[in-house]
Structures are given as C-alpha cells and as structure tokens.
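Novice: How does the following fold in three dimensions:
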Amino acid sequence: CGIMGRPDHRLFKHRYVHAAGRCVVHLGRQRHGADDISEGTRVNLIMWNKSQAFRASTLSNPPYQQEEAEPSEQCLSYTHDRDFGKHKEMTPKLRQHARGW
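Specialist: Alright, predicted model coming up:
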C-alpha cells in the first residue's frame, strides 16, 4: 500500500514474499500489514529512528490528501480505518478491536 496521507495510501502496490534470513525495512508512514500465519512462528524486530531536523521540517507532517479511489481489499485495516465496515464485514470479534482513526 502507499504512504500515509497520500491519495493512494490504501491502494495495493506490492506483496513481499519472505525468505529465511531476510528482512523488510520501510518508512514509518508506509502503510503495511501482515498476512495470518498457519504454521511456524513470526518474530518482529521493530526499531524507530528519530531526527529532530526532520521533525522540524515541513516534510515531517504533510497534510492528508483526498483518496483517489476506493481502497484495495489488501490495504484495509479494521484497527486503522473508520470506514472498514463500508468495504468489508465487521464481525463481532473484529469490532472489539476496531479503533479507526
């Protein structure tokens, strides 16, 4: 999916196929998700980097732009999208965790 705040941030762009010994590194505003796993163990290592110079710049907090199209199914999130129920079924189990922005 795209970068948060941009018109295409909920449009599917790429599916990464994991391989043992590899990792994914992305910007904090990169909308992303994880598929359910059916076997094995998932391990996540999350790191945040901070830059006072970047935070003070106009690039740090750009205005949100209007979406250019309906969201892709893969880019919908019941925890982040207020309109999730408009596009996919909101089951009681999902509803208890939903807290869209």
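Novice: isn't residue 81 right up against residue 70?
Specialist: No: counting by C-beta atoms under 8 Å, residue 81 does not reach residue 70; the two are 11.9 Å apart. Where C-beta positions appear, they are placed from N, C-alpha and C, glycine not excepted.
Novice: what sits in contact with each of those two?
Specialist: residue 87 (C-beta atoms under 8 Å, 6 or more residues apart in numbering).
Novice: Which one of these two is surrounded by more residues?
Specialist: The neighbour count for residue 81 versus residue 70, taken as other C-beta atoms under 10 Å, is higher for residue 81 (18 against 11).
Novice: for that one, phi and psi?
Specialist: Per-residue torsions, residue 81: phi -110, psi 120 (degrees, to the nearest 10).
Novice: how far away is it from residue 31?
Specialist: Using C-beta to C-beta, to the nearest Å, residue 81 is found at 10 Å from residue 31.
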